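Participant: Would you be able to build a 3D model of this:
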Amino acid sequence: MTSTSPQVFKGIALFTPGGDLVYCLDKQKRTRWHLDLCATLQDQLALSDPPYFLLPSYTATVDRWIDPTSGQLVMVAEAYPRVLRFRALLNAVFAVEAQWQPVYTSPETGSPVLLETHRAQFPQLWECHDLIVQADRGRLEPPSLAMPVIDQSLTNAPTSAEPLAFRLFVSGSAAASAENLLRVLYTTFESVLKQPYTLKLIDVTQHPEQAEADQISVTPTLVRVWPEPRRRIAGDLSSPQRLLAFLQTP
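Facilitator: Okay, here's the model as predicted:
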């Protein structure tokens, strides 16, 4: 069975604190979506900026793929604790009967105090508009931003059912470059990785204690925190070939 089968897809959902939902259903499993979901919320609710601060605490992901060893359909459905109460809605929009598992992250991510600092600028996010929207990637993709082209003959990243966990450390003073970097990372990950993954964005200016704990001395730095042993790559992360070499190391 190929990745174009209706049974095989990746779905990503993004909620607001008020309970609105935007989601995507990608049957080709070839592109990243988190940034487009934020752009959809900005468009639908007339926000001044994309609400990147909702990532990842208000997200849920369902991934269905064919295990290359057994040939069986595998499904992993994960949601952060804030959105686990929407399990029934998630099953409905993705047309699955999944047992959603909680995903936990460090306590400071998505803390109520941190979220409240954004409320004055984005009051619409705390209101319920009964919004359920499927994102349209083609309409939202910035035409001026070139996506990396991945040579599929080089994509020999290890295949496993074990989820991967990454942390991307950036500096708040480089917001524009961080957004572009996220697009490159999501495009590369979605083209290469065959198993579920999470990517947590950490601003070292807001969370210096996390940067110290992970021994971050330069930004940007991408750290694979699971599975162990940890690996990292720092400096210029815009090269797909360099990212591929990083991902292909067991």
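Participant: Could you give the bridge partners of residue 231?
Facilitator: Applying DSSP bridges to residue 231 gives these bridge partners: residue 224.
Participant: mind checking how far it is from residue 221?
Facilitator: If you measure residue 231 against residue 221 using Cβ to Cβ, to the nearest Å, the figure is 11 Å. Using the backbone N, CA and C atoms, a C-beta is placed for each residue, glycine as well.
Participant: out of the two, which sits in the busier spot?
Facilitator: Neighbour tally, residue 231 and residue 221, criterion other Cβ atoms under 10 Å: the higher count belongs to residue 221, 21 against 15.
Participant: so residue 87 touches residue 100, yeah?
Facilitator: Yes - counting by Cβ atoms under 8 Å, residue 87 does reach residue 100; the two are 4.8 Å apart.
Participant: Have a look at the two and say which one is more surrounded.
Facilitator: Neighbour count, other Cβ under 10 Å: between residue 87 and residue 100, residue 100 has more, with 20 against 15.
Participant: I'd say that one and residue 80 touch.
Facilitator: No - using Cβ under 8 Å as the test, residue 100 is too far from residue 80 to be in contact (10.2 Å).
Participant: what touches both of the two?
Facilitator: Among the neighbours of residue 100, those also in contact with residue 80 (Cβ atoms under 8 Å, 6 or more residues apart in numbering) are residue 60.
Participant: any shared contact partners between residue 87 and residue 100?
Facilitator: Between them, residue 87 and residue 100 share the neighbouring residues residue 79, with contact defined by Cβ under 8 Å, 6+ apart.
Participant: where along the chain do the strands fall?
Facilitator: 9-15, 21-26, 59-66, 73-79, 101-102, 132-134, 164-170, 197-203, 221-226, 231-234 (DSSP state E).
Participant: ok, and the helix or strand in the chain with the lowest average confidence?
Facilitator: Within the chain, confidence by mean pLDDT, DSSP states H and E is lowest for helix 137-140 among all helices and strands, at a mean of 47.
Participant: so where's the chain shaky on pLDDT?
Facilitator: When the per-residue scores of the chain are filtered using pLDDT under 70, the ranges that remain are 1-6, 28-33, 104-111, 114, 137-162, 172-179, 195, 249-250.
Participant: Count the neighbours of residue 45 for me.
Facilitator: Taking other Cβ under 10 Å as the neighbour definition, residue 45 ends up with a count of 19.
Participant: do you know how far it is from residue 119?
Facilitator: Relative to residue 119, residue 45 is positioned 14 Å away (Cβ to Cβ).
Participant: what do the two both touch?
Facilitator: By Cβ under 8 Å, 6+ apart, residue 45 and residue 119 have these common neighbours: residue 125.
Participant: same for the lengthiest helix in the chain, what does it pack against?
Facilitator: Longest helix in the chain, counting residues (DSSP state H): helix 175-192. Where contact means 3 or more Cβ pairs under 8 Å, 6 or more residues apart in numbering; DSSP states H and E, helix 175-192 is packed against helix 34-45, strand 164-170, strand 197-203, helix 240-248.
Participant: Buried residues, that helix. List them.
Facilitator: 178-179, 181-192 (16 or more other Cβ atoms under 10 Å).
Participant: could you dump it to PDB, C-alpha only?
Facilitator: Taking C-alpha atoms only, helix 175-192 is exported to PDB below (Å, rounded to 0.1, in the frame of the first residue of the first chain):
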ATOM      1  CA  ALA A 175      11.500  36.200  15.000                       C
ATOM      2  CA  ALA A 176      11.400  36.500  11.200                       C
ATOM      3  CA  SER A 177      14.300  34.200  10.600                       C
ATOM      4  CA  ALA A 178      12.900  31.700  13.200                       C
ATOM      5  CA  GLU A 179       9.700  31.600  11.200                       C
ATOM      6  CA  ASN A 180      11.500  30.800   8.000                       C
ATOM      7  CA  LEU A 181      13.600  28.200   9.800                       C
ATOM      8  CA  LEU A 182      10.500  26.500  11.200                       C
ATOM      9  CA  ARG A 183       9.200  26.200   7.600                       C
ATOM     10  CA  VAL A 184      12.400  24.500   6.500                       C
ATOM     11  CA  LEU A 185      12.400  22.100   9.400                       C
ATOM     12  CA  TYR A 186       8.800  21.100   9.000                       C
ATOM     13  CA  THR A 187       9.200  20.600   5.300                       C
ATOM     14  CA  THR A 188      12.300  18.400   5.800                       C
ATOM     15  CA  PHE A 189      10.800  16.400   8.700                       C
ATOM     16  CA  GLU A 190       7.600  15.700   6.800                       C
ATOM     17  CA  SER A 191       9.600  14.600   3.700                       C
ATOM     18  CA  VAL A 192      12.000  12.400   5.600                       C
END
